[in-house]
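[1] fold the following.
(4 chains)
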Protein chains: 2
Amino acid sequence: MANEKKMDCVILGLLSHESMTGYEIKKRMDITLKYFWGASYGSIYPTLNQLEKDSLVTKVETRENGREKIIYTITKSGLVFLEKWLKDSSVKDELRYETLLKLFFGSQIGPDFTSGHIDRFEEKIKGELPVLKMMVAQLEQIKGMEEAHLYYLLTAKFGVKVYEAYVEWCEETKQTLSDIKKLTN
Amino acid sequence: MANEKKMDCVILGLLSHESMTGYEIKKRMDITLKYFWGASYGSIYPTLNQLEKDSLVTKVETRENGREKIIYTITKSGLVFLEKWLKDSSVKDELRYETLLKLFFGSQIGPDFTSGHIDRFEEKIKGELPVLKMMVAQLEQIKGMEEAHLYYLLTAKFGVKVYEAYVEWCEETKQTLSDIKKLTN
DNA sequence: TGGCTCATGTAATCTGTTACATGATTCT
DNA sequence: AGAATCATGTAACAGATTACATGAGCCA
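    Residues are numbered from 1 along each chain as shown, chains lettered A, B, ... in the order given. Got it, this is the predicted structure:
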């Protein structure tokens, strides 16, 4: 169970909320999931075809304003499959931060270059924090929220909490690096 | 530059600290880097062979107590390659947490199952936190620390900071989930 | 008219994991 | 004697990214 393709499950999960096209799945993921789960078209479209072959989704080809669209809908078996994965206790949580790798080997290049890596990391985080905070604020305003939005809110709060910890750590780390610099000068 | 194999760089980085065997590289990574960069023998040994072909490392085959060992040492070109990567500003930082994915789709299975996922996540974190804190404590005790250890300390502090944020978030999330449960009962 | 967004898809490639295979030594 | 650890490696497979390819509609 731990080894099945996760993309299957993510797509089924999104389709359990709403029927969508592959293009819309990508957009939805880029807004709601990208902070902890990324995806590209190169994995979405082939997965959708496979899911259809396995009868976990059905497709309807339409044409809106001349643009062809393939709208996918989750099936009963799809929901069963999704639920089985969701209830399974085995998970794989993975963090791969090249920034930390470059920091770890920082003695090779010294505090100045290393500090640059931390700066860029911090900037990226600080750029994304307002977006996450806005998400949280917007979700909290909704009265009588759909249950799905409540869970979405929890993941957004994770983002805020963690990103704020990142920023704190960045500040402390830059301070230490500047101390190192003084010592070695 | 952003797309070269990272395993090359990690191994070169470790060898820049000290000459080692593939087996030792794995052990070292499991202690110091596993919180933000994992690896398996299946990627370490082939990478070492490639690095040797490219003259970025040299190898010496020895025999210690009858056990064959291949000790790898970084070359001048290896150091140049490492430095080039370390100074390059492009990085890829990636977080893939299946736990968050299962939380995001929590409405499909309800607060009880979802809370279980958070519990297991929190337990794993709480199990690893003391290890990280011990690392930090030990590193901070060393007087006249080697520079490399200072950078190691900074990455360990990242772990502590972030894991503590995780635990806080877990507590808040479990509280919210228990509130949801009361509302829907 | 030109550029952006909508929309779908494939092929090459990369990178890594898992499981297997082997064999010696050390510890209990 | 048997289990764990030391030590090296391969083959099959999985999973995903990148770049490419195509084409239509919308906006300025």
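
[2] can you map out the strands along chain A?
    Ranges of strands in chain A, per DSSP state E, are A:57-64, A:67-74, A:93-97.

[3] out of these, flag the one nearest DNA strand D.
    Closest approach to DNA strand D among those (C-beta to the nearest atom of the strand): strand A:67-74, 5.2 Å. (Each C-beta comes from the backbone N, C-alpha and C, glycine too.)

[4] about what we covered before: would a markdown table of the strands of chain A with distance to DNA strand D, mean pLDDT and mean neighbour count be doable?
    Listed next are these as a markdown table, based on distance: least, C-beta to the nearest atom of the strand, whole Å; pLDDT from 0 to 100; neighbours: other C-beta atoms under 10 Å in any protein chain shown:
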| stretch | distance to DNA strand D | mean pLDDT | mean neighbour count |
| --- | --- | --- | --- |
| strand A:57-64 | 9 | 95 | 12 |
| strand A:67-74 | 5 | 96 | 16 |
| strand A:93-97 | 11 | 97 | 16 |
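
[5] so which of those strands gets nearest A:W37?
    Smallest distance to A:W37 across the strands of chain A (C-beta to C-beta): 10.6 Å, for strand A:93-97.

[6] what about that closest one, near DNA strand C?
    No - Strand A:93-97 stays clear of DNA strand C (C-beta under 7 Å from any atom of the strand), getting no nearer than 8.7 Å.

[7] what does that strand contact?
    B:35-38, B:91-99, B:121, B:124 (C-beta atoms under 8 Å, 6 or more residues apart in numbering or on different chains).

[8] domain boundaries for chain A, per the record?
    A:3-87, A:98-184 (automatic domain parsing).

[9] how about these in a markdown table, adding distance to chain B?
    Shown next, in a markdown table, are those (distance: least, C-beta to the nearest C-beta, whole Å):
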| stretch | distance to chain B |
| --- | --- |
| domain A:3-87 | 4 |
| domain A:98-184 | 4 |
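
[10] and those domains as CSV, adding distance to DNA strand C?
    Below are those laid out as CSV (distance: least, C-beta to the nearest atom of the strand, whole Å):
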stretch, distance to DNA strand C
domain A:3-87, 3
domain A:98-184, 10
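
[11] buried residues, the helix of greatest length in chain A. List them.
    For chain A, the longest helix by residue count, based on DSSP state H, is helix A:147-184. Using 16 or more other C-beta atoms under 10 Å in any protein chain shown as the test for burial, helix A:147-184 gives A:148-163, A:165-166, A:169-170, A:173-174, A:176-177, A:180.
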